[in-house]
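Visitor: Sequence and predicted structure, then a few things I'm wondering about:
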Amino acid sequence: MQHEYILPILYDLAVTIGGEISLKPLLTRTLQRLLYYTSFPAGFICLDAPHCEGSSDKIITRIDAAVGDYDLVNLVGEQVAFPQALLCGPAECKTEEAVLLAGLTSAHTHYKSYLRLPIEGCGVIVLLAPNLPETTLPLTYMLQPVMAHLAKALLLCRSNDAYTNGLIAERNLLAEAFDSSYSGVVLTDADANIIEINPAFTRITGYSIDEIRGKNPRLLASGRHDRNFYLELWREIVADGRWQGEIWNRCKNGEVYLEWLSINSVKDKTGRVVNYVGILSDISKQKNDEEKIHQLSFYDSLTDLPNRRYLLERLQQAMAIGARSKQYGAVLLVDLDNFKTLCDTKGHDIGDKLLIEVAQRLASCVNNEYLVARLGGDEFVIMLETLSLDASEAVAQSEVVAEKIHSALNQPYRLNEHGYHGTPSIGIVQFCGHQDSLDDVLKHADTAMYQAKKAGRNAIRFYDPAIQAAIEARADLETELRLALDNQQFCLHYQIQVNDLSRPVGAEALLRWAHPERGLISPAQFIPLCEETGLIAPIGLWVLQTACAQLRAWQDGVLTRELVLAVNVSAKQFRQADFVSRVRQVLQESAAKPSRLKLELTESMVLENVEDTISKMQELKNLGVGFAMDDFGTGYSSLQYLKRLPLDQIKIDQSFVRDIATDPNDAVIVHTIIAMTQTLGFNVIAEGVETEAQHRFLSQCGCHAFQGYLFSKPVPLGQFETLLHKPDAPR
Ligand code: C2E
Ligand code: MG
Ligand code: MG
């Protein structure tokens, strides 16, 4: 190396050092350049400035860079024990000191000389050679500025490395999070084209990055959401920069799953959207688990019916709703009779089978309309919500359901090839809002159920003693009614009907029940029950037969042969398919003149089924039978229908007649009815005429027939006939 080259050498070294920003290449490149210019074949750098003070002859320090010697290069990064004098002695390079080199742990014995270049306060560079290269230059001295420069570069590179390493660590962490995340992550560009996905995305959707790169995430759409759903989703992203919620998507294999998706837009400094990041997790399983947990905690595992807990919640709700709506509700507690005996004798398996069957029957009885729950054991509850606002109507409604359940559970069972006949005891309690506490309601249901057991099982009982009494009385009445026909407790009373001149023109036959203990019972008290129980058919037939027999008898009497007898027909009776033929048969058997028989129908029953009514009336009309429309004005008669009916007479209801003399409204109504019936060509009769004033008013309006206490109350046959014989009959 010549003197004139010093400056270019230093320049080159300075450029080399300044060109590096990272420690490792800085050290290696500097070493390479130094070896090149000094003609040393090998060298190394130790940066941890050795403490040269102490007396020990060995220093252990790390080799940070090495060039030119394979063994040394291999030691980079390792701690090596150096002879102290090699790193700390005077910088002169003397061949005699080769002994120091011999002390190097790696056997570089062929190095006989070295050059030490200290880097100000931050380490040392040692160049090695078998023989000291020839030079006249004071290398150590000459390279000092370079070393100073290197010292600064070291500091910069070190801090730069620290910064870069930090960034790398951060990036690695993010990459790690991205790759190992349990949630799927999808990154798109500003046009929502997929750029990157993570392994979890692939696991959830089945798509690999190659299959999905560049595509729009809408390829995952399941079709379960409408256009508006997506429009709203994008509207939110544009407005708030994010959206999250549940969404149904479709995997590559076609399966649809529920995911929790959150989408965030990523913006650059100017606020322009550059990316969208979607994070999604499959929550189908979670939903399933939730449902399972719900199923376990709210349903009975044997019957799949809601359990006690569920019932209590719903009952609470129902009471809250009832408190506002004022509607009644009811709880039916069903307990299976003799269930324990069945289990004890046939085994619990059979018991379970019965419970399952009962659960199914109960469910089909209420047909999803009401809640059926299993309380445990052999106890079931049916909760009836939103019944009538009227207490007794609500009782009737719950009774209907209870009867249905009672009869369904009374049907024979087949349990493992064995036939079984089971019966239930049913307790009913009504509730209305929070009048009673939840506990009370259930307690009362229990009490009612025990009443049913006490009554001999297989029975229905209401908690309310008054309701229970009314129901029992009705049940008694029904039993007695069934026997009344056979025991000949029925009779007919006759109420006279008169014309303008107060001459008798006919009578209305009115049914009476001569009860052995209670005396005469009015039809108003038992006709509705007869209709409900179907007893109206035989009783109605009896009335017809008795009335027709009477007509036949009257046909032979001078005073009676012209009389027309009106017979009341109830809706159920009239709707019987064979009603017409029954009337025909009765007429034939009794030989009564059909034209003397007048059937009274009511407005409501006529309107129930107009076509059927008309055809039946027409058939009977053809036989000669007449018709009167009873209780006219109390229903919703439509003139249009009225015109089509083959009626002979209209009976103004007594409720209008009662007040005609005092209430101008009723007076107008009656006036109108009479005018109208005349226009339609019917004749008209007023019932419930009690006073002369009413009689007069009706006559003035054009009414020519009357019935009422003014002329006579309904009376037994004997009395009625006496009435006819009076010279100024009937008064
Ligand atoms: P309805 O056909 O309107 O009969 C008239 C009712 O008014 C009778 O009551 C009669 O006693 C009563 N009445 C008659 N004149 C007066 C009066 O001046 N003042 C007052 N306050 N009442 C009067 P009843 O006998 O208790 O019968 C009640 C209802 O029972 C009848 O009303 C009819 O709908 C039904 N009914 C009676 N007998 C039979 C029957 O054999 N078959 C059917 N299906 N229903 C019957
Ligand atoms: Mg009548
Ligand atoms: Mg009437």
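Guide: Everything's here; your move. From a predicted model like this one, the values you see are computed outputs, not experimental measurements. Numbers count the residues shown, from 1 in each chain. Ligands and ions are numbered 1, 2, ... in the order given.
Visitor: going forward, measure contacts between C-alpha atoms and count neighbours the same way
Guide: Will do.
Visitor: Report the helix or strand with the lowest average pLDDT across this protein.
Guide: helix 98-102 (a mean of 61; mean pLDDT, DSSP states H and E).
Visitor: Each with direction, which strands does the helix or strand following that one pair with?
Guide: Downstream of helix 98-102, the first helix or strand assigned by DSSP states H and E is strand 113-118. Here strand 113-118 is paired, per DSSP bridges, with strand 124-129 (antiparallel).
Visitor: Need the contact partners of the strand it pairs with.
Guide: 35, 40-47, 49, 87, 111-119 (C-alpha atoms under 8 Å, 6 or more residues apart in numbering).
Visitor: Quick one: neighbours of the residue of the stretch 1-150 of the chain found nearest ligand 1, just the number.
Guide: For the stretch 1-150 of the chain and ligand 1, the shortest gap (C-alpha to the nearest ligand atom) falls at residue 22, measuring 112.7 Å. By the criterion of other C-alpha atoms under 10 Å, residue 22 has 18 neighbours.
Visitor: Skipping adjacent residues, who's closest to it in space?
Guide: Spatially, and ignoring its direct neighbours in sequence, residue 22 is nearest to residue 157 (4.8 Å; C-alpha to C-alpha, 6 or more residues apart in numbering).
Visitor: now swap in residue 381 and tell me
Guide: Per C-alpha to C-alpha, 6+ apart, closest to residue 381 is residue 333, 4.6 Å.
Visitor: Give me the distance between whichever residue of the stretch 501-650 of the chain sits closest to ligand 3 and ligand 1.
Guide: Relative to ligand 3, the nearest point of the stretch 501-650 of the chain is residue 631 (4.2 Å; C-alpha to the ion). According to C-alpha to the nearest ligand atom, to the nearest Å, residue 631 stands 6 Å off from ligand 1.
Visitor: Ramachandran coordinates for that residue?
Guide: Main-chain dihedrals, residue 631, degrees, to the nearest 10: phi 50, psi 30.
Visitor: Check residue 560 too.
Guide: phi -110, psi -10.
Visitor: show me the contacts for it.
Guide: By C-alpha under 8 Å, 6+ apart, the residues touching residue 560 are residue 554.
Visitor: Show the model's pLDDT score for it.
Guide: Looking at residue 560, its pLDDT reads 94.
Visitor: before we move on, what about the one 10 residues further on?
Guide: In the prediction, the pLDDT value recorded for residue 570 is 92.
Visitor: got a list of what the closest residue to it other than its chain neighbours touches?
Guide: Nearest in space to residue 570, with sequence neighbours left out and distances taken as C-alpha to C-alpha, 6+ apart, is residue 601 at 7.1 Å. By C-alpha under 8 Å, 6+ apart, the residues touching residue 601 are 568, 569, 570, 571, 627, 628, 629, 630.
Visitor: Partner strands of the helix or strand that contains residue 601 and their direction?
Guide: Here residue 601, judged by DSSP H and E, is contained in strand 597-602. Sheet pairing for strand 597-602, assigned by DSSP bridges, gives strand 564-568 (parallel), strand 626-632 (parallel).
Visitor: Report the mean confidence score over stretch 278-286.
Guide: 87.
Visitor: Residues contacting it, please?
Guide: Stretch 278-286 is contacted from outside by 182-187, 201, 204, 257-264, using C-alpha under 8 Å, 6+ apart.
Visitor: What is the nearest of these to residue 416?
Guide: Using C-alpha to C-alpha, residue 257 comes nearest to residue 416 of the contacts of stretch 278-286, at 41.2 Å.
Visitor: Checking my notes, the closest one in a helix, right?
Guide: No. Looking at residue 257 with DSSP: H, G, I helix; E, B strand; the rest coil, it is strand, so not inside a helix.
Visitor: How about the contacts made by it?
Guide: Contacts of residue 257 (C-alpha under 8 Å, 6+ apart): 248, 249, 250, 251, 282, 283, 284.
Visitor: now the residues you listed: which count as buried?
Guide: Neighbour-count burial (16 or more other C-alpha atoms under 10 Å) is assigned, among the contacts of residue 257, to 248, 249, 250, 251, 282, 283.
Visitor: which residue sits closest to the second one, ignoring its sequence neighbours?
Guide: If I follow you right, that is residue 249. Closest residue to residue 249 apart from its sequence neighbours, by C-alpha to C-alpha, 6+ apart: residue 222 at 4.6 Å.
Visitor: mind checking how far the one you found is from ligand 3?
Guide: Per C-alpha to the ion, to the nearest Å, residue 222 is found 67 Å from ligand 3.
Visitor: ok, that residue - contacts?
Guide: Residues near residue 222 by C-alpha under 8 Å, 6+ apart: 248, 249, 250, 256.
Visitor: mind checking how far it is from ligand 1?
Guide: Counting by C-alpha to the nearest ligand atom, the gap from residue 222 to ligand 1 is 64 Å.
Visitor: In this structure residue 27 contacts residue 67, no?
Guide: No. The criterion here is C-alpha atoms under 8 Å, and residue 27 misses it with residue 67 at 9.6 Å.
Visitor: Flag every residue of this protein that's near ligand 3.
Guide: Taking C-alpha under 5 Å from the ion as the criterion, the neighbours of ligand 3 within the chain are 630, 631.
Visitor: what about the chain, any weak spots by pLDDT?
Guide: The model of the chain has pLDDT under 70 over residues 1-4, 49-56, 89-109, 136, 635-639, 727-731.
Visitor: where along the stretch 151-300 of the chain do the strands fall?
Guide: 184-189, 194-197, 242-250, 256-267, 273-282 (DSSP state E, counting those that start in this stretch).
Visitor: Residue 446 reaches residue 333, doesn't it?
Guide: Yes. With contact defined as C-alpha under 8 Å, residue 446 reaches residue 333; the gap is 6.8 Å.
Visitor: which neighbours do these two share?
Guide: Taking C-alpha under 8 Å, 6+ apart as the contact rule, residue 446 and residue 333 both touch residue 427.
Visitor: higher neighbour count, these two?
Guide: residue 333 (31 against 23).
Visitor: Look up which helix or strand the more buried one falls in, please.
Guide: Assigned by DSSP H and E, residue 333 falls within strand 329-336.
Visitor: Equivalent analysis for residue 359, please.
Guide: Per DSSP H and E: helix 348-366 holds residue 359.
Visitor: Just the angle for that helix relative to strand 329-336, thanks.
Guide: Angle between the axes of helix 348-366 and strand 329-336 is 150 degrees (criterion: axes from the mean of the first three to the mean of the last three C-alpha atoms, to 10 degrees).
Visitor: Beyond helix 348-366, next helix or strand please.
Guide: Following helix 348-366 in sequence, per DSSP H and E, is strand 371-376.
Visitor: Counting by contacts, list what the longest helix seen in the chain packs against.
Guide: When the chain is parsed with DSSP state H, its longest helix is helix 144-180. Helices and strands touching helix 144-180, by 3 or more C-alpha pairs under 8 Å, 6 or more residues apart in numbering; DSSP states H and E, are helix 6-18, helix 23-38, helix 199-205.
Visitor: and the protein, which residues reach ligand 1?
Guide: 510-511, 522-524, 540, 543, 568-570, 631, 687-690, 708-709, 714 (C-alpha under 6 Å from any ligand atom).
Visitor: can you tell me which of the residues you listed are in strands?
Guide: 510, 511, 568, 631 (DSSP state E).
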